[in-house]
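**Student:** Test case, fold it:
(2 chains)
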Amino acid sequence: DAGVTQSPTHLIKTRGQQVTLRCSPISGHKSVSWYQQVLGQGPQFIFQYYEKEERGRGNFPDRFSARQFPNYSSELNVNALLLGDSALYLCASSLLGGTGELFFGEGSRLTVL
Amino acid sequence: TQLLEQSPQFLSIQEGENLTVYCNSSSVFSSLQWYRQEPGEGPVLLVTVVTGGEVKKLKRLTFQFGDARKDSSLHITAAQPGDTGLYLCAGGDTNAGKSTFGDGTTLTVKP
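**Tutor:** Down below sits the predicted model:
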């Protein structure tokens, strides 16, 4: 079975631009979460979606938004990019009601210049 | 706010040595996960511990969950260069999807 897939793997943007990151979860997983990982730190929770509804949101500004589609794939959007948004964006899928186990994709490396 | 503190932040050892890394919190978690992450990749789940005092073994890796479910340790026996990576602990949420991560321990095993 395919794992979590993310696209694009790498991208470079300039300040003020917008970016859309995409994620397909493991087959059968209905929950998708997004995390931001800055170099030297652990992943920070951004959003969780389950059955197309937002179930949780981390401490991120409104420039960050996400959605989940009927096939459980998800998009993360970031508007008005700042230099500090440069990070590895990780998507994780999971089984809601489980013990918190997350299965991550390889991430999208965003560089903002 | 639940926080997880991991120590040491960096660890460099020779092949064949043993090591222990720690994950501590002031909060109780319903479960705790350990992940290993290699540069440029996403974290990979190693183990989940749920019960206070639980010990799990995965080949040369031994994971322990504290009795109060606030802390955990990872012990590696006879470390190998392939064990090199960032070891992250995370407190799980019973609703799944939301985990609180520590900043990790970067392990380097030199041949």
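**Student:** CA only for contacts and neighbour counts going forward, please
**Tutor:** OK.
**Student:** how about the residues of chain A near chain B?
**Tutor:** If contact is defined as CA under 8 Å from any CA of the partner chain, the residues of chain A in contact with chain B are A:31-33, A:40-45, A:48, A:56, A:90, A:92-107.
**Student:** Which ChimeraX command selects the buried ones in the residues you listed?
**Tutor:** Typed into ChimeraX, the line below selects the buried ones among the residues of chain A next to chain B, using 16 or more other CA atoms under 10 Å in any protein chain shown:
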select /A:31,32,33,42,43,44,45,48,90,92,93,94,95,96,99,100,101,102,103,104,105,106,107
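**Student:** Just the residues contacting stretch A:56-65, thanks.
**Tutor:** For stretch A:56-65, contacts defined as CA atoms under 8 Å, 6 or more residues apart in numbering or on different chains pick out A:44, A:45, A:46, A:47, A:48, A:49, A:76, A:77, A:78, A:79, A:80, B:98.
**Student:** Pull the most distant pair out of those.
**Tutor:** A:80 and B:98 (25.6 Å; CA to CA).
**Student:** Neighbour count: the two, which is higher?
**Tutor:** Neighbour totals were compared for residue A:80 and residue B:98, and residue B:98 leads with 30 against 13 (other CA atoms under 10 Å in any protein chain shown).
**Student:** now the more buried one: how far from residue B:46?
**Tutor:** Shown here: residue B:98 relative to residue B:46, a distance of 17 Å by CA to CA, to the nearest Å.
**Student:** What pLDDT does the model give the nearest residue to residue A:52 once chain neighbours are set aside?
**Tutor:** Spatial nearest neighbour of residue A:52, excluding adjacent residues (CA to CA, 6 or more residues apart in numbering or on different chains): residue A:68 at 4.6 Å. pLDDT recorded at residue A:68 is 96.
**Student:** Alright, I will stop here.
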